[in-house]
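Student: Build me a model from this:
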Amino acid sequence: MPDDSPTMPTESSPRMLSNQRSVARKLALQALYRWQLNECPWQDLIQEFGDAEDMPRADREYFRELVEGVWRNREALDADLASWADRGPSLLDPIEHAILLIGVFELRHRQDVPYRVA
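Tutor: Have a look, this model is predicted:
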């Protein structure tokens with residue numbers, strides 16, 4: 001008799017990786033929002049959010065890559081945003097800005113991320 005019970009995703013399954021990256025994006029959004037309100041080195045953000053309640057469920061390396069990548073590439077990412085948006089990056093709400101920075105970073109630097117996700 002076949003086993004019809006649902007299977008739990010394993011740590012290496014695409015579904016589990018997707019869930020971990022979603023949590024990493026959420027934490028990166030929070031860190032980049034915080035950074036916009038009070039600028040600091042990206043390493044401080046990694047340390048500050050390293051103890052976040054959701055971090056055990058996140059892809060830690062991906063979180064670090066998003067925060068560091070946006071921090072290092074902000075000027076280029078903002079230039080891209082300025083050419084696509086109806087207003088300049090400085091006029092965006094900090095949450096909007098952080099979401100767009102993550103999305104543009106993923107589109108530019110992470111070809112493994114499907115465009116529908118970024």
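Student: Only C-alpha atoms from now on, for both contacts and neighbour counts.
Tutor: Will do.
Student: If you count neighbours, what's buried in stretch 60-73?
Tutor: 60, 62, 63, 64, 65, 66, 67, 68, 69, 70, 71 (16 or more other Cα atoms under 10 Å).
Student: quick one: contacts of the helix or strand hosting the fifth one?
Tutor: Take DSSP states H and E as the rule and residue 65 turns out to sit in helix 60-84. The list of residues contacting helix 60-84 from outside it, by Cα atoms under 8 Å, 6 or more residues apart in numbering, reads 21, 24-25, 27-28, 31-32, 42-43, 45-46, 88-89, 100-102, 104-106.
Student: And the helix or strand containing residue 31, what does it pack against?
Tutor: Per DSSP H and E: residue 31 is located in helix 14-37. Applying 3 or more Cα pairs under 8 Å, 6 or more residues apart in numbering; DSSP states H and E, we find helix 14-37 packed against helix 42-49, helix 60-84, helix 94-109.
Student: Would you pull up how far it lies from the middle of the chain?
Tutor: 4 Å (Cα atoms, centre = their mean, to the nearest Å).
Student: Mind listing what's buried along it?
Tutor: In helix 14-37, counting by 16+ other Cα under 10 Å, buried: 16-17, 20-35.
Student: before we move on, back to that, looking at the helices and strands packed on helix 14-37, which is buried most?
Tutor: Comparing the helices and strands packed on helix 14-37 on average neighbours per residue, with mean count of other Cα atoms under 10 Å, the densest one is helix 94-109 at a mean of 19.
Student: can you tell me how far residue 37 sits from residue 98?
Tutor: Look at residue 37 and residue 98: by Cα to Cα, to the nearest Å, they are 11 Å apart.
Student: Over to residue 113?
Tutor: 18 Å.
Student: Not counting stretch 88-106 itself, show me its contacts.
Tutor: Taking Cα under 8 Å, 6+ apart as the rule, stretch 88-106 contacts 25, 29, 32-33, 36-37, 66, 69-70, 74, 77-78, 80-82, 113, 118.
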